[in-house]
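> Fold the following for me, if possible:
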Amino acid sequence: MTKNTTITFESLNLIQPIQKALSSEGYTHPTPIQAQAIPLILEKRDLFGIAQTGTGKTAAFTIPILQMLASHTHAEKGKKPVKCLILTPTRELASQIGESIANYGKNLKSNHTVIFGGVNQFSQVNAIRAGVDILIATPGRLLDLMNQRIVSLKDVQYLVLDEADRMLDMGFINDVKKIVATLPQKRQTLLFSATMPADILKLASTILYKPATVEVTPTSSTVEKIQQTLYYVEKNDKKKLLNNILKDKEIQTALVFSRTKHGADKIVKELIKSNITAQAIHGDKSQNARESALRNFKSGQTRVLVATDIAARGIDIDKLAHVINYDIPNIPETYVHRIGRTGRAGESGKAYSFCETEEIPYLMDILKLIKIEIPVVTDHPYAMTVVAYTKPKADAKKAKPTGNKFAGIRNGGNKSGGKSSGARKNEDGNMSGKRKFKR
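The predicted structure follows:
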């Protein structure tokens, strides 16, 4: 995260208990989104935040919410009603937000709980019935508990939608709309998204009231800080290339991305065969298994964590120096999210990407988005030589939707002179829009 050295947390008029907590965490200067968003939120403004991974947006909304909740007097008798609802797409991100609230609010009386699917609801139900100020939830489990009349949202004063674009990708938007429809009209709403597709803009227009907009860290500047390299390789040689790269002892840990859950499991099996400790994290794993894999990776017990995009969203690992795109993502923004897992908090970061023949159109889309060229490594033992391909235009808006052309591939590569069209799939196999490519 890039810090704003001209502004301190002390200058943001934060209350002493929060100041003390931030100091104990070693935080003195806010990141740009924190410096801009915190004062606006404390002014009770609705907010539309556009921010990439690693910009510090979790603290940007949790800190002011904790401060505003601290000023409330709980006149009602009995259990605390839910005053703040934070919706997020994944279990990992929900847990991360819960940890942040615990850290920043450790000197306050406000309490919170995290609820998500994939685990027994017993302990979550008990926590809710005991009363909570802040509820962090994934949409599916929250709707389920609402339908069971276990959760009431009639007292919510603050609503946060985090990673709204990912909730759209995962098909949660209808669930979100159902939840929002049950909330009081008079509330403060904060929406955060890394990208601004039309559906997110439409959602923002229906749930935000005269919002302030904060946009920081454009895509190109995020990726420029990370040392990126590209490897052209045949599909069947990817596992050999991965093993070859991991021979480098400087790579103490690496986060490897697979497009599918099945693919992630296969990569882990191959790594274990090569005596490399590895675990997978994806939607088919139980919550306990996912937490265990993440814990082992953070501690260094597991050298390689293989993840799908949905499972990895929200993973925050300090000093993660290496990310490997085993599969090129078929959605350009996903590439930015992936490599943004490294190079955090001013640390150095390296991102390696393996590209096979069929993935070249996806690569073209990525290059159009980030508007920088990725250096190609040509001297690795499994190199697949790309003869030529059309350099992406700088202005993506002017680029033709079917204009990704390349001349061919040598060293056993697939040459194709015909047209192909296909639909992109997310990790659960759902279609996410068709695209045509000329080859």
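> Counting neighbours, what do you get for S274?
Each residue near S274 was counted by other Cβ atoms under 10 Å, and the total is 13. From N, CA and C alone the C-beta is placed, and that goes for glycine too.
> Excluding sequence neighbours, find me the nearest residue to it.
Among residues not flanking S274 along the chain, N243 sits closest, at 5.1 Å (Cβ to Cβ, 6 or more residues apart in numbering).
> Now do the contacts for the one you found.
For N243, the contacting residues are E270, L271, S274, I276, taking Cβ atoms under 8 Å, 6 or more residues apart in numbering as the criterion.
> Drop anything exposed from those.
The neighbour-count test (16 or more other Cβ atoms under 10 Å) applied to these identifies E270, L271, I276 as buried.
> any idea which of these is closest to S193?
Using Cβ to Cβ, L271 is the member of these that lies nearest S193, at 34.1 Å.
> And what about the closest one, helix, strand or coil?
In terms of secondary structure, L271 is helix; the call rests on DSSP: H, G, I helix; E, B strand; the rest coil.
> Begin at 510 from now on, thanks
Noted, 510 is the first residue going forward, which turns the last one into L780.
> From D774, how far off is it?
11 Å (Cβ to Cβ, to the nearest Å).
> tell me the domain boundaries of this protein?
518-726, 729-947 (automatic domain parsing).
> Switch those over to JSON lines; also include mean pLDDT.
As requested, these are exported to JSON lines (pLDDT from 0 to 100):
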{"stretch": "domain 518-726", "mean pLDDT": "90"}
{"stretch": "domain 729-947", "mean pLDDT": "76"}
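> contacting residues around L617?
P526, I527, L575, L578, A579.
> quick one: the fourth one from L551, how far?
Distance of L578 to L551, computed by Cβ to Cβ: 12 Å.
> Show me which of the two is the more surrounded one.
The neighbour count for L578 versus L551, taken as other Cβ under 10 Å, is higher for L578 (21 against 16).
> right, and the more buried one touches C593 too?
Yes - taking Cβ atoms under 8 Å as the definition, L578 is a contact partner of C593 at 6.6 Å.
> shared neighbours, these two?
Looking at what touches both L578 and C593 (by Cβ under 8 Å, 6+ apart), the common residues are D642, I643, Y667.
> was I right about the first one contacting K592?
Yes - in this structure, D642 is within contact of K592 by Cβ under 8 Å, at 5.0 Å.
> secondary structure element for V832?
Using DSSP states H and E, the element containing V832 is strand 831-834.
> Which is the succeeding secondary structure element to that strand?
In the C-terminal direction, the helix or strand that comes right after strand 831-834 (DSSP H and E) is helix 841-848.
> T811 in helix, strand or coil?
Three states are possible here, and by three-state DSSP the one that applies to T811 is coil.
> With A530 instead?
Under three-state DSSP, the three-state class of A530 is helix.
> For it, give its distance to Y536.
Distance from A530 to Y536, counting by Cβ to Cβ: 9 Å.
> residues in contact with the closest residue to Q697 other than its chain neighbours?
Closest residue in space to Q697, ignoring its immediate chain neighbours: Y667 at 5.2 Å, by Cβ to Cβ, 6+ apart. Applying Cβ under 8 Å, 6+ apart, we find Y667 in contact with I574, M577, L578, K592, C593, L594, R696, Q697, T698, L699.
> At which residues are the helices of the stretch 660-809 of the chain located?
Assigned helices in the stretch 660-809 of the chain, in chain order: 673-678, 682-690, 707-716, 728-733, 747-754, 770-782, 796-808 (criterion: DSSP state H, counting those that start in this stretch).
> The second one vs helix 707-716, what angle?
Going by axes from the mean of the first three to the mean of the last three Cα atoms, to 10 degrees, helix 682-690 is angled at 10 degrees with respect to helix 707-716.
> Please list the residues outside helix 682-690 that contact it.
Contacts to helix 682-690, defined as Cβ under 8 Å, 6+ apart, come from residues 594, 596, 648-649, 651-652, 655, 662, 668, 670, 676, 708, 712, 716.
> Kindly supply the PyMOL command isolating those of those residues that are buried.
Per 16+ other Cβ under 10 Å, the buried members of the contacts of helix 682-690 correspond to this PyMOL selection:
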select buried, resi 594+596+648+651+652+655+662+668+670+676+712+716
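> just curious, which of the contacts of helix 682-690 is nearest to L872?
D708 (25.6 Å).
> my read: that closest one touches L677, true?
Yes - D708 sits in contact with L677 when judged by Cβ under 8 Å, with a separation of 5.5 Å.
> who's I559 bridged to?
S702, E724 (DSSP bridges).
> Now for it: which residues touch it?
When contacts are counted by Cβ under 8 Å, 6+ apart, I559 touches F701, S702, A703, T704, M705, T722, V723, E724, V725.
> Just the buried ones from these, in ChimeraX syntax?
Entered in ChimeraX, the line below selects the buried ones among these, by 16+ other Cβ under 10 Å:
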select :701,702,703,704,723,725
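> how about CSV for the contacts of I559, with distance to D746 added?
Compiled in CSV, the contacts of I559 are given as follows (distance: Cβ to Cβ, whole Å):
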residue, distance to D746
F701, 40
S702, 37
A703, 32
T704, 33
M705, 38
T722, 46
V723, 44
E724, 41
V725, 39
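> T647 against P598, yeah?
Yes - counting by Cβ under 8 Å, P598 is a contact partner of T647 at 6.7 Å.
> Settle it for me: which of the two has more neighbours?
Comparing T647 with P598 by other Cβ under 10 Å, the one with more neighbours is P598, at 26 against 23.
> quick check, the more buried one in a helix?
No - judged by three-state DSSP, P598 forms no part of a helix; its state is coil.
> Compute the distance between it and I610, please.
When distance is defined by Cβ to Cβ, P598 is 18 Å away from I610.
> Also P890?
Relative to I610, and taking Cβ to Cβ, P890 is found at 48 Å.
> quick one, which of those two is more surrounded?
I610 (27 against 9).
> Doesn't that one lie inside a strand?
No - the assignment for I610, made by three-state DSSP, is helix rather than a strand.
> wait, it sits on V623?
No - contact between I610 and V623 fails when scored by Cβ under 8 Å: they sit 9.0 Å apart.
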